[in-house]
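# Need a 3D model of the following:
(one chain, ligands or ions: 1)
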Amino acid sequence: MQESDLEEVIALEQRSFTEPWTRKMFLGELRDNVFATNLAARAENQEWNEVSEGVLVGYSMFWVVFEELHLMNLVVRPELRRRGIAKELVRQTLSIAAAKGAQTALLEVRASNVAAQGLYEGFGFKRKSLRRGYYEHPHEDAVIMMLEKGGDIMLSEDPAVLEVVRREHSEFRALEDTHQRLEDQLTELTKLHILTPDEEIRKKQIQFEKLSTKDKMAEIVRQFKQHRPLSAGRS
Ligand SMILES: CC(C)(COP(=O)(O)OP(=O)(O)OC[C@H]1O[C@@H](n2cnc3c(N)ncnc32)[C@H](O)[C@@H]1OP(=O)(O)O)[C@@H](O)C(=O)NCCC(=O)NCCS
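Residues are numbered from 1 along each chain as shown. From the prediction side, this is the model:
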């Protein structure tokens, strides 16, 4: 996100929240906050009929402080919701934060915001506590959600290790692609509100395949670390 994005960002922010961030708050993140990363997503190649190419479709703003990711703000354009844009933004947020050394992630969300809570739960975030009366307009509790170490391989693993494993192991890269493909299939399938018995079985198969793919990836990383500890190279 650049300052030149702010006109669209602020308009979208105002459509999305009853207590929107002000221009000053956005500028503070962009200009003065060394911990902040701010992503703006734009439509490419006439992907959607509702908006023309280049239009802002969403944004994610986060801090990485002392190995902890703090998700500060996340919005998707109302007419493009339920198309997986937030999932892609969160995926990129987690991956960038992991590359910056984040091991855990933290956020707060309105107790009534079931859409956002469902999104975060899909990435393994768990509800940790309530901050009573944290929000105004309307007065409401905040739910604190956390993704703890080990919740996601990308967050729990040393990014330097993953980078080398990815570079050196074509099998690991293939598994990562498979894992992503299965994730997309699962997303497509769970978009259907009522699954037929056959679809339920397919869903379970995909979930099983996903887990076993992840196990294989974890095993490659484990073997790699056993034989080639990166710390030896660094010291
Ligand atoms: C929350 C928000 C970012 C989700 O964006 P989105 O692009 O529509 O989300 P996605 O399409 O990627 O959906 C991802 C998952 O979120 C959950 N979800 C999203 N919208 C939902 C809704 N209306 N009801 C229930 N679950 C919902 C689902 O688990 C969904 O997965 P599924 O589609 O496989 O069921 C969007 O609704 C938004 O901008 N809301 C206003 C701002 C906001 O509340 N930001 C979060 C502040 S903490």
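
# Are we agreed that residue 119 is in a helix?
Yes: secondary structure assignment (DSSP: H, G, I helix; E, B strand; the rest coil) places residue 119 inside a helix.

# pretty sure it is touching residue 90, no?
Yes: with contacts counted by CB atoms under 8 Å, residue 119 reaches residue 90, the gap being 6.6 Å. Quick note: C-beta positions are derived from backbone N, CA and C, even for glycine.

# what's the neighbour count on residue 116?
Here the neighbour count serves as a burial measure; for residue 116 (other CB atoms under 10 Å) it reads 18.

# Apart from its chain neighbours, what residue comes closest to it?
Counting by CB to CB, 6 or more residues apart in numbering, residue 109 is the residue found nearest to residue 116 once chain neighbours are left out, at 4.9 Å.

# now residue 91
residue 123 (7.9 Å).

# contacting residues around the one helix or strand the residue nearest to residue 116 maps to?
Using DSSP states H and E, the element containing residue 109 is strand 104-110. Surrounding strand 104-110, the residues in contact under the criterion CB atoms under 8 Å, 6 or more residues apart in numbering are 67-71, 94, 97, 116-117, 120, 125, 131, 134-135, 140-149, 151, 155.

# cool, and stretch 184-203?
For stretch 184-203, the surrounding residues in contact (CB under 8 Å, 6+ apart) are 82, 84, 87, 206, 207, 210.

# how about that stretch: buried residues?
For stretch 184-203, the neighbour count (16 or more other CB atoms under 10 Å) marks 185, 186, 203 as buried.

# Quick check: residues of this structure near the ligand?
Residues of the chain lying close to the ligand (CB under 6 Å from any ligand atom) are 16, 74-76, 81-87, 109, 113-116, 118-119, 122, 187, 190-191.

# so of those residues, which ones are in helices?
16, 85-87, 114-116, 118-119, 122, 187, 190-191 (DSSP state H).

# want to throw the residues you listed into JSON lines with distance to residue 60?
Written out in JSON lines, the entries for these read as follows (distance: CB to CB, whole Å):
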{"residue": "16", "distance to residue 60": "13"}
{"residue": "85", "distance to residue 60": "10"}
{"residue": "86", "distance to residue 60": "8"}
{"residue": "87", "distance to residue 60": "11"}
{"residue": "114", "distance to residue 60": "19"}
{"residue": "115", "distance to residue 60": "15"}
{"residue": "116", "distance to residue 60": "12"}
{"residue": "118", "distance to residue 60": "17"}
{"residue": "119", "distance to residue 60": "11"}
{"residue": "122", "distance to residue 60": "15"}
{"residue": "187", "distance to residue 60": "18"}
{"residue": "190", "distance to residue 60": "22"}
{"residue": "191", "distance to residue 60": "22"}
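
# Farthest-apart pair in these, please.
Checking these against each other with CB to CB, the farthest-apart pair comes out as 16 and 190, at 24.0 Å.

# Contacts only, for the residue at minimal distance from the centre of the chain.
When the chain is reduced to its mean C-alpha position, the closest residue under CA atoms, centre = their mean turns out to be residue 90, at 1.8 Å. The contact partners of residue 90, by CB under 8 Å, 6+ apart, come to 60, 71, 74, 119, 120, 123.

# May I ask which helix or strand encompasses it?
Secondary-structure element containing residue 90, defined by DSSP H and E: helix 85-99.

# mind listing the strands for this protein?
Per DSSP state E, the chain has strands spanning 36-42, 56-65, 68-76, 104-110, 126-135, 140-147. These are given in chain order.

# Show me how far the first one is from its chain's centre.
It stands for strand 36-42. With CA atoms, centre = their mean, to the nearest Å as the basis, strand 36-42 stands 12 Å off its chain's centre.

# again with stretch 109-127
A distance of 12 Å separates the C-alpha centroid of stretch 109-127 from that of its chain, computed with CA atoms, centre = their mean.
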